[in-house]
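Asker: Everything below, folded, please.
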Amino acid sequence: MSRAPLPMRDGVAPSYLYLPDGDWLHMIGFLVERFPDVSEASWRDRMARGDVVDGDGNPLQPGSRFKRGMRIWYYRELEKPETPIPFREEILHMDEHLVVVDKPHFLPMIPTGRFLHETLLVRLKKTLGEADLVPIHRLDRETAGVVIFSRNPASRGTYQSMFQKRVVDKEYEALAPRLDGVAFPYIYRSRMVEGDKFFVMKEEPGEPNSATTIEVIAHHADYTHYRLFPHTGRQHQLRLHLSSLGVPILNDAFYPVALPCKQDDVSQPLQLLARAISFIDPISGDWREFRSRRSLRL
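Answerer: Residues are numbered from 1 along each chain as shown. Sure, this is the predicted structure:
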């Protein structure tokens with residue numbers, strides 16, 4: 001794909017879309033209908049600033065003709081100010097291909113919903129000044145720990161394929177109630193599918209499509225410290241598996257019951273940590289292991 005006609009600005013890369021079929025006469029009518037959470041006044045202001053352009057970088061105006069198939073570029077902006085997330089990421093490793101980061105709890109990976117500048121991707125782009133930075137796997141906003149970004153488009157597919165082929169070893173830690181009646185290490189398997197509520201998973205009868213090995217690090221008076229090894233990468237796999245066993249991870253707001261959104265409350269982090277990622281480097285052939293420096297604390 002050709003380079004974007006707008007530069008990265010304050011860590012935010014421009015977004016784009018191709019105009020669909022439709023009977024809009026002018027750009028402003030399409031934009032207001034396509035993005036109902038963005039006011040017409042906001043779009044007019046962005047256009048006046050030259051922040052909405054076509055594929056050649058020509059500024060678009062409210063009265064510009066709507067043309068099906070045309071690609072337009074714009075910056076994502078929020079209508080309301082973001083609440084700062086008071087936790088910082090730490091860069092663990094950098095080389096010509098990768099940036100390995102220790103993510104704090106509550107920080108989203110990428111811009112989404114009400115988060116833009118307070119996301120790991122945008123923070124790193126600001127810090128490093130690299131518009132091509134892309135995460136090659138994800139962690140939930142609520143989960144802390146090791147995550148890897150690609151900084152080199154030429155090698156990106158090679159590293160992404162490791163996760164697709166499941167040749168990456170992942171180690172997590174969690175605090176949860178004590179699980180009795182099983183011998184450790186214990187392997188839990190289930191069939192996971194999308195739940196009835198947005199962004200929540202559930203289990204159903206059938207051939208398992210997820211598996212997690214569970215070990216005990218230490219038993220404490222009020223909780224157990226677990227080590228978890230996911231053999232598959234289903235969304236919310238560790239959270240759902242422990243909840244299904246009757247020992248939900250402490251401070252989990254989704255499982256076993258999805259609680260009302262806590263908005264900007266950061267007082268009770270989910271006690272789940274991506275402790276380590278290890279793999280054979282597909283380019284150098286070297287064994288690579290990256291470990292989080294964070295700790296789970298109540």
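Asker: tell me the contacts of L19?
Answerer: If you count contacts by Cβ atoms under 8 Å, 6 or more residues apart in numbering, L19 has them with 30, 66-72. Yep, even glycine has a C-beta here, placed from its N, CA and C like the rest.
Asker: which one of the residues you listed is nearest A276?
Answerer: Compare each of the contacts of L19 with A276 using Cβ to Cβ and the shortest gap goes to R71, at 40.9 Å.
Asker: And the residue nearest to the closest one when sequence neighbours are not counted, how close does it get to Y255?
Answerer: If the residues on either side of it in the chain are set aside, R71 comes closest to G55, at 4.5 Å by Cβ to Cβ, 6 or more residues apart in numbering. Shown here: G55 relative to Y255, a distance of 44 Å by Cβ to Cβ, to the nearest Å.
Asker: Same drill for these two, tell me which one is more crowded.
Answerer: Neighbour comparison, G55 and Y255: the larger count goes to Y255, with 21 against 14 (by other Cβ atoms under 10 Å).
Asker: before we move on, the earlier item: report the contact partners of the residue nearest to R71.
Answerer: G55 sits next to 2, 5, 70-73 when contact means Cβ under 8 Å, 6+ apart.
Asker: Report how many residues lie close to I110.
Answerer: Applying the criterion other Cβ under 10 Å, we find 13 residues in the vicinity of I110.
Asker: low-scoring pLDDT stretches of this structure, where are they?
Answerer: Confidence mapping of the chain against pLDDT under 70 gives the ranges 1-2, 261-262, 298.
Asker: what residue lies at the spatial centre of this protein?
Answerer: Using Cα atoms, centre = their mean, the residue of the chain that lies closest to the mean C-alpha position is M109, 3.6 Å off.
Asker: Please look at that residue and I136 and confirm they touch.
Answerer: No: M109 lies out of contact with I136 (Cβ atoms under 8 Å); the separation is 11.0 Å.
Asker: thinking again about what came up before, out of the contacts of G55, which comes closest to I277?
Answerer: Of all those, the one sitting nearest I277 is S2; the distance, using Cβ to Cβ, is 33.0 Å.
Asker: which of the contacts of L19 are buried?
Answerer: 30, 66, 72 (16 or more other Cβ atoms under 10 Å).
Asker: secondary structure class for the first one?
Answerer: Following DSSP: H, G, I helix; E, B strand; the rest coil, F30 is assigned to helix.
Asker: show me what contacts the nearest residue to P111 once chain neighbours are set aside?
Answerer: In space, and not counting its chain neighbours, P111 is closest to T119: 5.3 Å by Cβ to Cβ, 6+ apart. For T119, the contacting residues are 107-112, by Cβ under 8 Å, 6+ apart.
Asker: Looking at the residues you listed, spot the one nearest Q237.
Answerer: M109 (16.6 Å).
Asker: what residues are up against the closest one?
Answerer: Residues in contact with M109, defined by Cβ under 8 Å, 6+ apart, are 103, 119-121, 135, 138-139, 141, 147.
Asker: Which of the helices or strands spans it?
Answerer: Assessed by DSSP states H and E, M109 sits outside every helix and strand.
Asker: What values do phi and psi take at it?
Answerer: Dihedral angles phi and psi of M109 (degrees, to the nearest 10) take the values phi -70, psi -50.
Asker: And for V122?
Answerer: In this entry, V122 is assigned phi and psi values of phi -70, psi -40 (degrees, to the nearest 10).
Asker: Which residue comes closest to it once chain neighbours are left out?
Answerer: V122 sits nearest to G11 (Cβ to Cβ, 6+ apart), 4.2 Å away.
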